[in-house]
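1. What follows is a predicted structure for the sequence shown.
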Amino acid sequence: MTKRAKKSLIFLCAFLILIFVFMAVANQVQRDFGKVDVSLISIDTGSVGRITAKLYKPATATAGSPAPAVLLLHGYQNDKDTGGAYAIELARRGYVVLAIDEYGHGSTDAGMLERGYVNHMVKVNFGEDSEADGTFVAISGQERYKLMMNFSNLKFFNDHYSKDANGNYIKDSSMGGVAAYAALADYDFVDASRMAVGGHSMGTWASWSVAAVYAHAVNDAGQDISPKAVVLQCGEIFTDDVYDSQNIYFNNVLILQAKYEEFACFRDFNRTVTAELPKSDLRAGFLGTTSASAAWNTTYGSFFDGSARRMELLKTNHRLVTSSPRGVATAIDWYDSAIGKTSALSSSSQIYILKDMLVFASMLLAMASMLAFMELLLNIPFFKYAGQGLPDRPEKAKSGRAWWKGAIITILIAGLTYPFMTQLGHGLLPLPESIFRMTIGTGFLSWYLLLIIIMLITTIIPWRKSKKTDTPLDYCDLGFAGTDKAGKFDWAMLGKSVVLALLMTAFVYVLVLICQSLFLLDFRILFPFFKTFTPARFVQFLVYLPVFVLFFILNNSKIFAQMRQPAAGQPGFKGFMSCWWKNAFCMAGGVLLICLIEYVPFFAGIGPGADLLFSPTFGGPFMSLLLVFFPQILVLSVLCTYIHRRTGNVFVGGTAVGIISCWIIAGGSAML
């Protein structure tokens with residue numbers, strides 16, 4: 001074993017020790033250091049399939065002393081652990097908490113289509129629409145498009161909204177929440193007369209639906225099991241006349257409102273969230289007060305009769321509401337007041353952030369351990385051919401104006417195509433939906449396919465032009481071969497590189513598998529990044545993988561080989577950093593550009609950039625996703641830079657990050 005390999009082994013062992021220590025402590029945090037039992041359960045819904053869920057049971061909750069309970073429902077593209085902050089803090093205070101994987105998310109069997117859809121959509125808040133003014137319109141297209149345009153349509157709405165003339169209807173807008181609420185109420189350690197529901201984003205519509213179904217519900221013991229509170233993290237409001245308000249009643253509703261809300265429906269289709277928003281007829285009506293007296297952060301009505309209403313304004317964006325300390329504290333106080341519970345812990349005494357940071361650190365350490373593992377594999381004779389190192393060709397390096405020209409063009413193409421191509425793939429790209437089932441994944445697939453075409457064109461044209469010069473490009477210049485076989489595409493290098501990348505990423509998968517088995521935690525921050533696959537999700541991973549890998553191989557060829565910098569071959573940390581920041585600029589610059597376009601005018605109080613420049617159609621999920629996508633690309637740029645400097649080819653890094661990116665998409669996000 002070489003000196004470098006021995007050093008890598010030491011690092012690998014250190015990283016693994018830290019990962020398991022951090023995850024063990026994070027597990028203790030979610031269990032409140034032994035005071036809460038956390039377990040994975042499965043709920044049978046009959047013909048729809050099984051719902052997976054995470055149950056938090058305080059030690060104080062017993063059959064002899066049943067505890068109040070809360071059902072948590074996550075948002076689009078998330079899963080049962082997204083509400084971990086609320087679950088941990090409520091369980092610490094004696095609540096039984098059940099957080100589920102809704103239809104099409106996490107490990108639940110049923111796909112999102114079990115929610116149902118109709119062939120029309122509403123462009124304003126429900127009850128404020130009409131066919132005459134074009135706010136109630138017919139729609140057509142892919143099933144996934146109609147499904148996503150119907151998120152606001154709820155099963156308990158009247159037939160005008162929940163059914164259409166073609167026999168389509170909203171099947172279960174609770175996304176499995178109704179079945180989960182029933183299961184939660186049946187536990188003997190749960191006080192079914194003191195239950196509540198809460199959700200984020202898509203989960204707020206599911207929360208409305210659960211509360212509607214169980215309004216005035218009574219169990220076999222004669223207990224009123226209707227939710228005593230509904231907490232909506234970024235929720236939409238509708239008028240009473242869209243449902244049977246005589247028989248459906250919502251007890252004690254709290255809305256946690258993001259000031260920088262990317263989704264137009266959650267800010268009543270205004271450009272910004274202002275101090276005047278509560279004074280609209282819709283919001284004042286929700287609060288049960290006059291427009292003159294309606295305001296943020298004020299409780300109206302009474303908890304005694306269930307009429308309490310409040311809208312808490314949080315200075316954050318849509319996705320960060322799930323981890324807002326103030327939001328969590330406000331929700332705890334609301335549940336306590338509605339259910340009549342007191343706790344020795346202040347609502348501001350919170351520990352969930354420690355769990356989040358430990359899990360995030362473990363995820364980064366897993367990426368570092370993958371590189372250390374790669375170093376060990378490169379010490380094996382079979383893989384040495386894939387790790388030849390950078391070719392000594394200083395004359396082929398690009399610098400100055402030539403490099404910056406290429407970088408700026410790369411950034412502009414990636415950034416300006418992002419909102420259009422991702423939304424096209426997300427909704428209307430005519431791919432067979434029985435094969436391409438990942439909704440957000442198909443959005444990225446569309447974007448990557450366009451960029452692949454552009455990269456091929458911008459590679460082939462200079463290639464052909466160079467053949468007429470004294471310094472023609474060869475396969476080594478593209479990162480597709482070493483100097484000894486520069487005249488042809490090196491298939492042996494590709495094959496060994498792919499095997500190497502598969503082993504590297506499989507190593508991380510095993511880490512996730514172990515951590516999920518031992519600690520009931522995966523690697524994440526705000527969003528489900530690395531999760532183990534269900535069989536259906538693994539099939540989807542294989543479906544999308546070729547395009548993702550091809551994109552990153554070509555992307556690495558453009559940035560690391562064709563735009564290779566003079567500093568690329570400089571040894572040590574200084575050489576790495578001088579090379580990495582430019583690579584990161586190229587890889588993440590397009591995403592950063594669209595981030596600035598979206599958020600600079602938003603923070604300036606004008607409105608989200610995508611809405612202003614294009615339309616709200618190009619806002620929403622892919623704009624909100626920028627918050628996690630941009631840091632993800634930065635991490636991938638670190639991996640690609642290190643791997644390229646070590647191996648000298650684009651195959652290992654491109655394949656590895658392609659697998660990682662596809663894994664993130666297929667592991668837990670929305671599936672039809």
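-> Everything's here; your move. This one's a predicted model, so the numbers in the text were calculated from it and none came from an experiment.

2. Do a quick rundown of the strands in the protein.
-> Under the criterion DSSP state E, the chain contains strands at 36-44, 50-58, 67-73, 96-100, 120-122, 136-138, 190-200, 230-233, 253-260, 309-317, 523-524, 528-530.

3. buried residues in the first one?
-> The reference is to strand 36-44. For strand 36-44, burial by neighbour count (16 or more other Cβ atoms under 10 Å) applies to Val36, Val38, Ile43. C-betas here are computed from N, CA, C, even on glycine.

4. Turn the residues you listed into a markdown table, including distance to Gly134 and pLDDT.
-> Listed next are those as a markdown table, based on distance: Cβ to Cβ, whole Å; pLDDT from 0 to 100:
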| residue | distance to Gly134 | pLDDT |
| --- | --- | --- |
| Val36 | 51 | 98 |
| Val38 | 49 | 98 |
| Ile43 | 41 | 96 |
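
5. Need the distance between the two termini of stretch 396-405.
-> 16 Å (Cα to Cα, to the nearest Å).

6. next one: stretch 223-230
-> Termini of stretch 223-230 sit 19 Å apart (Cα to Cα).

7. now stretch 462-480
-> By Cα to Cα, the extent of stretch 462-480 from end to end equals 16 Å.

8. now stretch 288-301
-> Stretch 288-301 end-to-end distance (Cα to Cα) = 7 Å.

9. Next: stretch 340-354.
-> Distance across stretch 340-354, first residue to last, is 29 Å (Cα to Cα).

10. How far does it sit from its chain's centre?
-> In terms of Cα atoms, centre = their mean, to the nearest Å, the gap separating the centre of stretch 340-354 from the centre of its chain is 26 Å.

11. same deal with stretch 202-222?
-> Distance, stretch centre to chain centre, for stretch 202-222: 27 Å (Cα atoms, centre = their mean).

12. pLDDT on that stretch, on average?
-> For stretch 202-222, mean pLDDT rounds to 96.

13. Please point out which parts of that stretch sit buried.
-> In stretch 202-222, counting by 16+ other Cβ under 10 Å, buried: 202-215.

14. I'd like to know which of the residues you listed are part of helices.
-> Among the buried residues of stretch 202-222, the residues falling in helices (DSSP state H) are Met202, Gly203, Thr204, Trp205, Ala206, Ser207, Trp208, Ser209, Val210, Ala211, Ala212, Val213.

15. of all those, which comes closest to Val137?
-> Minimum distance to Val137 across these is 19.5 Å, recorded for Trp205 (Cβ to Cβ).

16. Quickly note the distance from the closest one to Val253.
-> Using Cβ to Cβ, to the nearest Å, Trp205 is found at 13 Å from Val253.

17. what about Leu511, neighbour count?
-> Residues near Leu511, counting by other Cβ atoms under 10 Å, number 24.

18. how near is the residue nearest to it when sequence neighbours are not counted to Met374?
-> Nearest residue to Leu511 in three dimensions, chain neighbours excluded: Ala366, at 5.3 Å (Cβ to Cβ, 6 or more residues apart in numbering). Look at Ala366 and Met374: by Cβ to Cβ, they are 13 Å apart.

19. Which one's more surrounded, the two?
-> Taking other Cβ under 10 Å, Ala366 and Met374 do not tie; Met374 has more neighbours (28 against 21).

20. Verify the contact between the more buried one and Ile643 for me.
-> Yes: between Met374 and Ile643 a contact is recorded at 7.0 Å, counting by Cβ atoms under 8 Å.

21. any shared contact partners between those two?
-> Residues touching both Met374 and Ile643 (Cβ atoms under 8 Å, 6 or more residues apart in numbering): Val652.

22. Next, name the residue at the spatial heart of the chain.
-> The centroid of the chain falls nearest to Phe527 when counting by Cα atoms, centre = their mean (4.0 Å).

23. how about the nearest residue to that residue, chain neighbours excluded?
-> Once flanking residues are discounted, Phe527 sits nearest to Val628: 4.5 Å by Cβ to Cβ, 6+ apart.

24. Just give me the neighbour total for the one you found.
-> Neighbours of Val628 (other Cβ under 10 Å): 17.

25. And it, how close does it get to Ala666?
-> 16 Å.

26. same check, this time on Lys279
-> Here Lys279 is placed at a distance of 45 Å from Ala666 (Cβ to Cβ).

27. Neighbour count: the two, which is higher?
-> Neighbour count, other Cβ under 10 Å: between Lys279 and Ala666, Ala666 has more, with 26 against 17.

28. surely that one meets Arg537?
-> Yes: with contact defined as Cβ under 8 Å, Ala666 reaches Arg537; the gap is 5.3 Å.

29. which ones are touching the residue nearest to Leu511?
-> Phe15, Ile19, Val508, Leu511, Val512, Phe523, Phe530.

30. will you turn those into TSV that also has pLDDT and distance to Leu313?
-> Output for the contacts of Ala366, formatted as TSV (pLDDT from 0 to 100; distance: Cβ to Cβ, whole Å):
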residue	pLDDT	distance to Leu313
Phe15	98	42
Ile19	98	38
Val508	98	40
Leu511	98	40
Val512	98	37
Phe523	96	32
Phe530	95	34
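
31. Among those residues, which one lies nearest to Lys396?
-> Nearest to Lys396, judged by Cβ to Cβ, of these is Val508 at 33.2 Å.

32. Identify the residues contacting the closest one.
-> So Val508 contacts Ala366, Met367, Ser369, Met370, Phe530, Ile660 (Cβ under 8 Å, 6+ apart).

33. With distance to Ser346 as extra columns, can I get those in a markdown table?
-> Formatted as a markdown table, the contacts of Val508 follow (distance: Cβ to Cβ, whole Å):
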| residue | distance to Ser346 |
| --- | --- |
| Ala366 | 35 |
| Met367 | 37 |
| Ser369 | 39 |
| Met370 | 41 |
| Phe530 | 34 |
| Ile660 | 40 |
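
34. Just these: which are in helices?
-> The members of those that map onto helices under DSSP H are Ala366, Met367, Ser369, Met370, Ile660.

35. Mark out where each domain of this protein begins and ends.
-> Following automatic domain parsing, one finds the domains of the chain at 35-109+174-350, 393-490+532-668.
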